[in-house]
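**Student:** test case, fold it:
(3 chains)
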Amino acid sequence: MFAVTTLIAVSFSIGSFRIEEAERPFLYSVLLWIILTFSALSGLARSFVKEEEAGTIDVLKLSARPQAVFLGKLLFNLTLLGALELMIVPSFILLMSYQISFPGFFIAVIISGGLGLGAGTTIIAAMIARASTRGALFSALSLPLLLPLMITCIKGCERAAIGISSAGWPEVKIAVAYFVIMITMSLLLFPLVWEE
Amino acid sequence: MIYKILLTVWMAIIIVAAFLYAEAATGFPGETSRILFFHVPQAWVATLSFLISMIASAVYLAKRRVKADYLAQSAAELGFLFCILATITGSIFAKTTWGAFWNWDPRQTSIVILLMIYGAYFAVRSAVNDPDRRRVFAGVYSILAFVTVPFLVFVVPRITTSLHPENTMNPAHPGMDPKTLKVFLGSLFAYTGLFVWMLRLKIRVLTIEGLREPKFMSRKPDNE
Amino acid sequence: MFTLNVSGIGKHYGETLLFRDISFQLNRGDVLAVAGWNGSGKSTLLRIIAGLVRPSAGQVGMFFNSEPIPKESRRRFVGMVAPALSLYDELTGLENMEFFCRVRGTACNRNDCLDIIDRVGLTEHATKMCRDYSSGMKQRLKLAQALLHKPPLLLLDEPGCNLDSKGIEVVQEIVSEQRQSGMSVIASNEKREADYADRVINLSE
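**Tutor:** Got it, this is the predicted structure:
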């Protein structure tokens, strides 16, 4: 819902011809990632808070291995992100008439960026659920960790749109590396958070 | 006590030497290169304290010693302070050489993200009431933040080009004036000493505050 | 052979002391009742034994054939019922049981789940959403969840809450059957439930 609202607000107020042709690839990729990240954050924050509010978190603790819980939540979050991207990215491209020179590279950036987004925030969501003030804490904790990923993905989408050499897909590699490192660290650290 | 006095004298010498003894490096407008003696050691201390904080956090998570958490917290707070100082001195230099206080140079970008990470670290600490849980969460967050740092330092600056002077002011660079090098190393030493002194003070404050945390009596008092 | 050894457990929140120096040992066949006023820490004591809360002092030891059981594998040995533990409202009773079977990784099939549900008298409602359960039915399902993996240690916090007389009988049966296979700790102020026990600890004393 948040995603659709922002998407419509952005495309309505900016339209597709308000921005200079030359600026479009860059500004559009910034806008796209802002919409994606913030709509993702509003959904991802809920994953553990939901269990805490329903009172099911303790039963889960009593019966499931922490790693299993983490991977389950991660999988759920990644599915959520996939659905979000599937909904937002095509409509963004259509509404803003976003020209993309390298669709394959573009899709790879979107997918790997989504993976990184999910991997970086799942453990934060688990911490938020156990904190006394939740409000804006989730974004405040997630964004500093996500910034390197976001900068990379914005750059990647821009390059895919303009069509400058994308040999080796460096941005995709960085995002995938981020994904792998964040998952490894989370699997190590999650049991500590979970058992507190 | 003696440490404090020695440190004060040493810092005074360095400040005087930085302006009078060392010569301004060529290639920079006027005397601006003298900021090297303050800006770089500040950045160094900020990095050092970030490293110490992260190692102390890991030690706390492994051993659950409260002392390690005090160290992690103190180092983070001092790191934040020195980070701000480095940002301010850096942007003064940026104004005089590049024309603007702020222009999102990769170095500036990374330091802002570092400041945000510190801010988030303090947010974790203030959001959790239970002291044990607070320590664990802060430790976990600091390790997570630490693993994203390589992405900042290496990934971000490579993508865009930096205006940050690297070679002309690098102490390892053979072209560095020997006088400059002497003062620079002295200043590095002074700042590190200052950091260690402040760190020890802060840990003492936290230890005293920690004594007020209710301690558990496992045996009933005799008069009961 | 499973044994539970609680030694010198104490808990405080901030400056408020809940209890201290709680020690006991349970062997197969034992039933222990924990009594005390509201707020005396009955539930907290059970949560500490289950490993959900860290004690401020003391240790909870679990042993299998005198071998200590490490913290991370204790969940197989403990089944717990408590007012604060809820099951998933958006699943049916049967789905809840199947879900917990799967996350526990215990080899149990649909029939085992149906057996457990039958034991707590919910067979007619097995395919109803838990959201539509009455509070007594929810309590019965919680009992089923705690028994699912046949744990040697049952922690029952107010097991009779919201239950009708038939439900109370079910609890009674569960506790007496548990004597054969393991032990139970019951936290309750109900006289009736304290009567199941052969030992009582009063936290208010």
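**Student:** figure out how far the helix or strand bottoming out on mean pLDDT in chain C is from the centre of its chain.
**Tutor:** Sorting the helices and strands of chain C by mean pLDDT, DSSP states H and E puts helix C:191-196 at the bottom, at a mean of 80. The chain centre lies 16 Å from the centre of helix C:191-196; the measure is CA atoms, centre = their mean, to the nearest Å.
**Student:** can you tell me what sits against that helix?
**Tutor:** With contacts defined as CB atoms under 8 Å, 6 or more residues apart in numbering or on different chains, helix C:191-196 is touched by C:31, C:33, C:35, C:159-160, C:168, C:171-172, C:175-176, C:186, C:188, C:200. In this view, the C-beta of every residue, glycine as well, is placed from N, C-alpha and C.
**Student:** repeat for stretch C:16-29
**Tutor:** B:216-220, C:1-12, C:32, C:40-41, C:44-45, C:57-58, C:152-153, C:179-183, C:185, C:199, C:201, C:203.
**Student:** list the buried residues of the least confident helix or strand of chain C.
**Tutor:** Within helix C:191-196, the residues that qualify as buried are C:193, C:194, C:196, counting by 16 or more other CB atoms under 10 Å in any protein chain shown.
**Student:** closest to chain A out of these?
**Tutor:** residue C:193 (21.4 Å; CB to the nearest CB).
**Student:** and the next helix or strand past the longest helix along chain C?
**Tutor:** The helix spanning the most residues in chain C, taking DSSP state H as the definition, is helix C:165-181. On the C-terminal side of helix C:165-181, the nearest following helix or strand under DSSP states H and E is strand C:183-187.
**Student:** average pLDDT for that next one?
**Tutor:** Averaged across strand C:183-187, the pLDDT comes to 92.
**Student:** run through the neighbouring helices and strands of that strand.
**Tutor:** Counting contacts by 3 or more CB pairs under 8 Å, 6 or more residues apart in numbering or on different chains; DSSP states H and E, strand C:183-187 packs against strand C:31-35, helix C:42-50, strand C:153-157, helix C:165-181, helix C:191-196.
**Student:** thinking again about what came up before, could I get the longest helix of chain C in CSV with only the CA atoms?
**Tutor:** Extracted as CSV, the C-alpha positions of helix C:165-181 are listed here (Å, rounded to 0.1, in the frame of the first residue of the first chain):
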residue,chain,number,x,y,z
SER,C,165,-14.7,-29.6,34.5
LYS,C,166,-13.9,-31.9,31.6
GLY,C,167,-10.9,-29.9,30.7
ILE,C,168,-9.7,-30.1,34.3
GLU,C,169,-10.0,-33.9,34.1
VAL,C,170,-7.8,-33.8,31.0
VAL,C,171,-5.1,-31.9,32.9
GLN,C,172,-5.4,-34.4,35.8
GLU,C,173,-5.0,-37.3,33.4
ILE,C,174,-2.0,-35.6,31.7
VAL,C,175,-0.2,-35.0,35.0
SER,C,176,-0.8,-38.6,36.2
GLU,C,177,0.3,-40.1,32.9
GLN,C,178,3.4,-37.8,33.0
ARG,C,179,4.4,-39.5,36.2
GLN,C,180,5.1,-42.7,34.2
SER,C,181,7.4,-41.0,31.7
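**Student:** count the neighbours of residue A:46 for me.
**Tutor:** Using other CB atoms under 10 Å in any protein chain shown, residue A:46 has 16 other residues around it.
**Student:** which secondary element of chain B has the worst mean pLDDT?
**Tutor:** The helix or strand of chain B with the lowest confidence, counting by mean pLDDT, DSSP H and E, is helix B:156-159 at a mean of 52.
**Student:** likewise for chain A?
**Tutor:** Across the helices and strands of chain A, mean pLDDT, DSSP H and E gives its lowest value to helix A:2-14, namely a mean of 76.
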